[in-house]
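Chemist: based on what follows, work out the 3D shape:
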Amino acid sequence: MSDALTVIIAFVVCLLTSAFLYALGRKLAPRGKENDEKVTPYACGEDYPVEYIQYYIHWFYYAVFFTILEVAAILIAFSLFAPSVALVVVIIYTIMALIAAFMAPRE
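Modeler: Prediction:
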């Protein structure tokens with residue numbers, strides 16, 4: 001059996017096992033009770049009005065770009081042991097980095 005087929009079979013087995021365990025846990029877990037206190041915002045022991053919560057979405061773009069760079073760096077580091085794959089990984093990494101750079105908001 002080829003190495004690629006072994007990796008694909010291992011991935012599918014892991015995916016099916018995790019899906020089964022997730023479904024089993026969801027089936028066996030006790031159901032939570034809905035109440036108003038669970039859904040109200042809470043900060044540092046004080047009730048916090050919803051209208052004062054501000055989200056800065058521009059930090060999200062930097063986090064996504066950083067994650068893409070880190071994952072790509074790990075892929076490149078591990079692909080150095082297989083030179084035939086390294087070129088493909090570098091090309092995919094470059095494309096992903098360019099897409100992320102163009103998706104970042106301009107300020």
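Chemist: gap between the residue nearest to the spatial centre of the chain and Leu75?
Modeler: When CA atoms, centre = their mean is applied to the chain, the residue found nearest the centroid is Thr67 (8.4 Å). Here Thr67 is placed at a distance of 13 Å from Leu75 (CB to CB, to the nearest Å). (Each C-beta comes from the backbone N, C-alpha and C, glycine too.)
Chemist: for whatever helix or strand Ala100 lives in, packing partners?
Modeler: Using DSSP states H and E, Ala100 maps to helix 83-103. Packing partners of helix 83-103 (3 or more CB pairs under 8 Å, 6 or more residues apart in numbering; DSSP states H and E): helix 58-79.
Chemist: extract the C-alpha trace of the helix it packs on and format it as PDB.
Modeler: Taking Å, rounded to 0.1, in the frame of the first residue of the first chain, the C-alpha atoms of helix 58-79 are listed here in PDB:
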ATOM      1  CA  HIS A  58      -9.400  44.600  12.800                       C
ATOM      2  CA  TRP A  59      -7.500  42.500  15.400                       C
ATOM      3  CA  PHE A  60      -9.300  39.400  14.100                       C
ATOM      4  CA  TYR A  61      -7.600  39.900  10.700                       C
ATOM      5  CA  TYR A  62      -4.200  40.000  12.200                       C
ATOM      6  CA  ALA A  63      -4.900  36.900  14.200                       C
ATOM      7  CA  VAL A  64      -6.000  35.000  11.100                       C
ATOM      8  CA  PHE A  65      -3.000  36.200   9.200                       C
ATOM      9  CA  PHE A  66      -0.700  35.100  12.000                       C
ATOM     10  CA  THR A  67      -2.300  31.700  12.200                       C
ATOM     11  CA  ILE A  68      -1.900  31.200   8.500                       C
ATOM     12  CA  LEU A  69       1.800  32.100   8.700                       C
ATOM     13  CA  GLU A  70       2.400  29.800  11.600                       C
ATOM     14  CA  VAL A  71       0.600  26.800  10.100                       C
ATOM     15  CA  ALA A  72       2.500  27.400   6.900                       C
ATOM     16  CA  ALA A  73       5.800  27.600   8.700                       C
ATOM     17  CA  ILE A  74       5.100  24.300  10.300                       C
ATOM     18  CA  LEU A  75       4.100  22.700   7.000                       C
ATOM     19  CA  ILE A  76       7.300  24.000   5.400                       C
ATOM     20  CA  ALA A  77       9.400  22.700   8.200                       C
ATOM     21  CA  PHE A  78       8.000  19.300   8.000                       C
ATOM     22  CA  SER A  79       8.000  19.200   4.200                       C
END
